[in-house]
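With the input below, show me the fold.
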Amino acid sequence: MTDHPRKGTVAAPGSPDFALHTLGWRAFQDLCAAVLREVWAQSVHTFADSNDGGRDGAFYGTWQQPPDPIGVQDVPDGPFVLQCKHTKKADTTLTPSELSDEFAKAQALVDQGLCGSYVLLTNARVSGTSEANIRQRLRSVGVGHVQVLDGQWICDTIASRQRLRTFVPRVYGLGDLSQILDERAYTQAQYLLSYLREELATFVVTDAYRRAAQAVQQHGFVLLLGEPAVGKSVIAATLAMTALDAWGCLTVNAHDAAELVRHWNPNEPNQFFWIDDAFGAVRHEPQLTDSWARHMRQVMTAVHGGAKIVLTSRDYIYRDARPHLKEYAYPLLHEQQVVVDVAQLPLEERRQILYNHISLGDQPTEVRGKMKPHLEEAAAQNPFHPEVARRLGRQAFTRHLKSSKHGITDFMRRPTAFLRDLYTELGPDEKAALALTYQSGEFLPAPLALDAAQRDVIIRFGSSPAGIDRALNALTGTFLRFSSSPENGTTTGWSFRHPTLQEGFAELLAASPNLLGMLLSGLPLEEMLTKLDCGSEKQRGTLIKIPPTLYPVVAERLQYLERDHLDHWEDFLWCNFFTTRCSDAFLEHYTETDPGFVPGMMNFGAYLGSDRKPEVLARLHQAGLISEDEHEEIVQTLTDYAVSVPDAGWVDTSHWNIILSEGERKGILEEVREELLSPTSTLLSDWSSNRYGNIDRTPEEYYDPLREALETYRDSLADQPDIAAEFSGLLTRIEELIAYENAEADEEQEVKSQPNTPPVKIPTTQLDPAINYQRSIFDDIDDY
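So this is what the prediction gives:
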């Protein structure tokens, strides 16, 4: 099937440029192989290095006319050779003298009957005079037909052939996208590139990317799991760019499930949603998981309606979130997981990743030359993290690195130690700039409008506003990124370039009580609740460890928060902090400091399985900080909800199992049985009467909470068959109610047929099996 160019008007005129000189010799050969296979539909073999006799790759085969032969209309059927000539010099011109060896080899190939036609592909420019000279020299040795295709021809082909861009998606980060995307798509792409341009430019197609692309295309959903710094986010970003380009999708980088649902348009099936760190950046954030649990039905409805969704998560965070997500009810969550496992990265993929980061980094040519003999071993180190490979290519992270075998391999194996030393050696301006970024949370807006707390940080670090401005600019591209805000896409500012860099800075702060006290005075509420650890031993993901001497400072700040005005998100953060990040000693100190704390947590509501206040009560119960009178009141409130709603969320919930004794559980179940199964119960009539205030929901959706509660109570009393049978009878009557209301409905919801997404060929590999790789990929790493 011919891969026609995209329709639509490009956002900028002119010839595209994809900076092909930055690809490196091996990646350029991969691109030439893709042109042969994806554009010209030719099957080829490669010459071994010993036969090729040069630094550049060559392919041979039997030419068969392709269905749409772009730029090669005159190549006759028969044996042909394609020669690749790559240069790392930008804006250079290829001269015939650089092909002297190729002319001699061409004559030998003609004599062997392997070369009736000769196609030269180069990323350099070729003048008309040089092209005529090259043609004449090749024809003089017996070549029947000659094609010379320069770098601009390759760039034009990339711009016009989406399938080729799918095969080499890193070109999204190399070229001017206004040349290949329509105006709407270009605007969206600019936002994505402002966030991840370098990551896209250094991207390598891996097995995880191919499996993720296949899952998105076939099922509309994928969950990318893996360790920190393995490349989950850049895979998601590349999928977003591919969706924008290949499928014309409207792309949304959402923060959580609620934002996804808010932006989902049922009348616009071609939407692509990308949610990075869906359940927390460096540790599990229960409020995010709760958002997914509450919105999962709408999320899956969007998928079934044609939307495409990509989530990423660290593996250990997802393990914490998983019990709350009901995987059994949403099979795609389980079936479409793609684990990005660095231990499974083939050595060739590791080499290409390392090459790309060194090549596009800022290391001087001399340093690259010293590194070159040791890069093969660096790529073979375990564990191998793409983020660490990026740091090796940057001077800011390698100030004291010895360019020896031991120095480079040790850097790859132990990046945390190097990072810790590096933070310690930073100047006061750089430390203060990073502290301001850390204090601000996810995003430090530009231009800076310093408040009192921020000025205090600057003074304590011995810096100045002018020094901060200089340091922020100096740190951009290494420790920080400067991009549009993920919240609105219009505000610009700074954020940590990678979560592991943020974690490393937290370790620096944790090592200095003086810095901690200063930082605590200015931390916003959300940052206090998500970044402080007051004695917990269970949290994974580096937090700011608060020593007991600073417990009073934290308690005093938390005590004076206006908890009655917390929004849903902040309330979840508040409860999660006391549940998971506080020792018994801190909890005791805080309950003495804030007498209204325990009564406030006792004011929980229905939805007993998801309200976070009972989780705090369970933690306080474990610490022995709940009195007998308070315990009795908690049990009575729970009983009222269990019967009146009815709410069975307490039955199989771990924190209620901590609070309730076995006798109390049995007593509540007995009261539930007496009230709900009483002949005078008005349960079903009450629910049916309230139905008219909920006509925006289907009968199934409306009665679903009631069904779940009764099913839970029935199953909990399965050891009493007669009682369980009565609950089954209630459930049957609910089904009859649902059937009646459906039959009575005046209108049926129209079932909209969803347009078919045009298939996009997923590349089988980026590392073409026809290419001989005896030559080291790092051979030209120090060329310029």
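
Any figure for the gap between the closest residue to residue 265 other than its chain neighbours and residue 303?
Closest residue to residue 265 apart from its sequence neighbours, by C-beta to C-beta, 6 or more residues apart in numbering: residue 271 at 6.6 Å. C-beta here means a position set from N, CA and C on the backbone, and glycine is covered the same way. Per C-beta to C-beta, to the nearest Å, residue 271 is found 10 Å from residue 303.

okay, the residue nearest to residue 265: pLDDT?
pLDDT for residue 271: 87.

just residue 627 next, same as before
pLDDT, residue 627: 95.

Pull up the distance across stretch 679-688, start to finish.
Terminal residues of stretch 679-688 are spaced 17 Å apart (C-alpha to C-alpha, to the nearest Å).

which residues touch that stretch?
Residues from elsewhere that reach stretch 679-688 (C-beta atoms under 8 Å, 6 or more residues apart in numbering): 646, 675, 676, 703, 706, 730, 733, 734, 737.

Same list (those residues) but as JSON lines, adding secondary structure.
Supplementary listing: the contacts of stretch 679-688 in JSON lines, determined by DSSP: H, G, I helix; E, B strand; the rest coil:
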{"residue": "646", "secondary structure": "coil"}
{"residue": "675", "secondary structure": "helix"}
{"residue": "676", "secondary structure": "helix"}
{"residue": "703", "secondary structure": "helix"}
{"residue": "706", "secondary structure": "helix"}
{"residue": "730", "secondary structure": "helix"}
{"residue": "733", "secondary structure": "helix"}
{"residue": "734", "secondary structure": "helix"}
{"residue": "737", "secondary structure": "helix"}
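
For those, pick the one with the most neighbours.
Ranked by the number of neighbours (other C-beta atoms under 10 Å), the contacts of stretch 679-688 place residue 703 first, at 23 neighbours.

Please report the distance of that residue from residue 741.
Computed as C-beta to C-beta, the residue 703 to residue 741 distance reads 9 Å.

Then residue 632?
Plainly put, residue 632 is 41 Å away from residue 741 if you go by C-beta to C-beta.

More neighbours: which of the two?
A side-by-side neighbour count of residue 632 and residue 741, using other C-beta under 10 Å, places residue 741 first with 17 against 11.

so what's that one closest to, chain neighbours aside?
Using C-beta to C-beta, 6+ apart, the nearest residue to residue 741 is residue 699, at 4.2 Å.

tell me the contacts of that neighbour?
So residue 699 contacts 691, 737, 738, 741, 742 (C-beta under 8 Å, 6+ apart).

wait, residue 204 sits on residue 349?
Yes - counting by C-beta atoms under 8 Å, residue 349 is a contact partner of residue 204 at 5.7 Å.

Neighbour count: the two, which is higher?
The neighbour comparison of residue 204 against residue 349 (other C-beta under 10 Å) goes to residue 204, with 26 against 22.

Doesn't the more buried one belong to a strand?
No - applying three-state DSSP, one finds residue 204 to be coil, outside a strand.

what's the spacing between it and residue 245?
18 Å.

same check, this time on residue 344
Residue 344 sits 28 Å away from residue 245, taking C-beta to C-beta as the criterion.

So which of the two has more stuff around it?
Using other C-beta under 10 Å, the more surrounded residue of residue 344 and residue 245 is residue 245, with 21 against 11.

Confirm that one sits in a helix?
Yes - checked against three-state DSSP, residue 245 lies within a helix.

isn't it right up against residue 165?
Yes - Residue 245 is in contact with residue 165 according to C-beta under 8 Å; the separation is 6.1 Å.

Where in this protein is the helix or strand with the lowest mean pLDDT?
Taking mean pLDDT, DSSP states H and E as the measure, the chain has helix 49-52 as its least confident helix or strand, at a mean of 42.

Residue 312: neighbour count?
Neighbour count for residue 312, taken as other C-beta under 10 Å: 26.

Would you mind naming the helix or strand containing it?
Residue 312 is located in strand 308-314, with elements delineated by DSSP states H and E.

From residue 734, how far off is the residue nearest to residue 741?
From residue 699 across to residue 734, the span is 10 Å (C-beta to C-beta).

So what's the residue count around residue 688?
Count around residue 688 with other C-beta under 10 Å applied: 16.

Per-residue pLDDT of it, please?
81.

How is it assigned, secondary-structure-wise?
Three-state assignment for residue 688 (three-state DSSP): helix.

ok, now how distant is it from residue 733?
From residue 688 across to residue 733, the span is 10 Å (C-beta to C-beta).

Residue 377 now?
Distance, residue 377 to residue 733, by C-beta to C-beta: 72 Å.

And for the residue nearest to the spatial centre of the chain, nearest residue in space, chain neighbours not counted?
For the chain, residue 233 is the residue whose C-alpha lies nearest the centre (C-alpha atoms, centre = their mean; 3.0 Å). Spatially, and ignoring its direct neighbours in sequence, residue 233 is nearest to residue 276 (5.3 Å; C-beta to C-beta, 6+ apart).

Need phi/psi at that neighbour.
Here is the backbone geometry of residue 276 (degrees, to the nearest 10): phi -80, psi 140.

wait, it sits on residue 253?
Yes - counting by C-beta under 8 Å, residue 253 is a contact partner of residue 276 at 7.4 Å.

the helices in the stretch 501-650 of the chain, which residues?
Secondary structure of the stretch 501-650 of the chain (DSSP state H, counting those that start in this stretch): helices located at 513-522, 525-531, 551-559, 568-580, 584-593, 597-602, 613-622, 628-644.

Let's have these in CSV, adding distance to residue 66.
As requested, these are exported to CSV (distance: least, C-beta to C-beta, whole Å):
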stretch, distance to residue 66
helix 513-522, 63
helix 525-531, 56
helix 551-559, 69
helix 568-580, 56
helix 584-593, 71
helix 597-602, 71
helix 613-622, 63
helix 628-644, 70
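
out of the ones you listed, nearest to residue 78?
helix 525-531 (67.0 Å; C-beta to C-beta).

Name the nearest of the contacts of stretch 679-688 relative to residue 106.
residue 703 (78.7 Å).

Okay, that closest one and residue 431: tell me how far apart.
As for residue 703, its distance to residue 431 is 58 Å (criterion: C-beta to C-beta).

now residue 485
Distance of residue 485 to residue 431, computed by C-beta to C-beta: 24 Å.

Compare the two and say which is more crowded by neighbours.
residue 431 (22 against 16).

Now do the contacts for that one.
Residue 431 sits in contact with 423, 461, 463, 508, where contact means C-beta under 8 Å, 6+ apart.

can you tell me how far it sits from residue 453?
Note on residue 431: its distance to residue 453, by C-beta to C-beta, is 16 Å.

can you check residue 524 too?
9 Å.

which residues are in contact with both of the two?
In contact with both residue 524 and residue 453: residue 439, using C-beta under 8 Å, 6+ apart.

Kindly tell me how buried the nearest residue in space to residue 481 that is not next to it in sequence is, as a neighbour count.
Excluding its sequence neighbours, the residue lying closest to residue 481 (C-beta to C-beta, 6+ apart) is residue 497, at 4.7 Å. For residue 497, the neighbour count with other C-beta under 10 Å is 22.

hang on, residue 497 packs against residue 483?
No - between residue 497 and residue 483 there is no contact under C-beta under 8 Å: 9.9 Å.

Tell me how far residue 136 lies from residue 60.
Relative to residue 60, residue 136 is positioned 22 Å away (C-beta to C-beta).

When the two are compared, which one has more neighbours?
residue 60 (18 against 11).
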